[in-house]
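*Asks:* what follows is a predicted protein model with its sequence.
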Amino acid sequence: MSKVYNAKRERFADAAKFIRQREEYSELGHPITRKEFVKAIAKLKNGKAPGTTGVPPNAFKCLKGNNHNQIFQYIVDFWEGDADYWEWHVGLDVLVPKKGDLGDPNKW
């Protein structure tokens, strides 16, 4: 536990100012197409856990008609700045245990 909780390192608050900006790729900024959307859904792996949303990947593959169109429209609206879903700004981490003493924070 001492490795995790007693780590003492120097920090420099203005370090981000010295990071060189990478080149921007404007071709990645085009609106998502229905073809890209369909391809992304097709790539989802079957039988995976649903995660924190409770929606398994298989459910997206079953979408047809209006439901399929609605999900696509949510994504397009977000991408184009016409909608901003607060949930899409939040990430949730899930701790995955390693082998050994799970009471040791270094084993997660």
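*Replies:* Ah, there it is. Residues are numbered from 1 along each chain as shown.
*Asks:* in the chain, which helix is the longest?
*Replies:* Taking DSSP state H as the criterion, the chain has its longest helix at helix 65-79.
*Asks:* and stretch 52-68, what's buried?
*Replies:* 56-57, 68 (16 or more other Cβ atoms under 10 Å). Backbone N, C-alpha and C define where each C-beta goes, glycine included.
*Asks:* run through this structure and note the low-pLDDT ranges.
*Replies:* 1-9, 26-28 (pLDDT under 70).
*Asks:* and if we set it to 80?
*Replies:* Applying pLDDT under 80 to the chain flags the ranges 1-13, 16, 24-29, 51-53, 91-96, 105-108.
*Asks:* which residues in it form strands?
*Replies:* Remark: strands of the chain are absent; assignment by DSSP state E.
*Asks:* quick one: the helices in it?
*Replies:* 2-5, 34-42, 57-61, 65-79.
*Asks:* distance to D104 for those helices - can I get that in TSV?
*Replies:* Listed next are the helices of the chain as TSV, based on distance: least, Cβ to Cβ, whole Å:
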stretch	distance to D104
helix 2-5	9
helix 34-42	38
helix 57-61	33
helix 65-79	40
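*Asks:* need the residues that contact stretch 55-72.
*Replies:* 34, 37, 41-42, 44-50 (Cβ atoms under 8 Å, 6 or more residues apart in numbering).
*Asks:* ok, 6 Å please
*Replies:* With Cβ atoms under 6 Å, 6 or more residues apart in numbering as the test, stretch 55-72 has contacts from 37, 41, 44, 46, 48, 50.
*Asks:* give me the phi and psi for the residue nearest the centre of the chain.
*Replies:* What sits nearest the mean C-alpha location of the chain, by Cα atoms, centre = their mean, is G91, with 6.7 Å. Main-chain torsions, G91, degrees, to the nearest 10: phi -110, psi 140.
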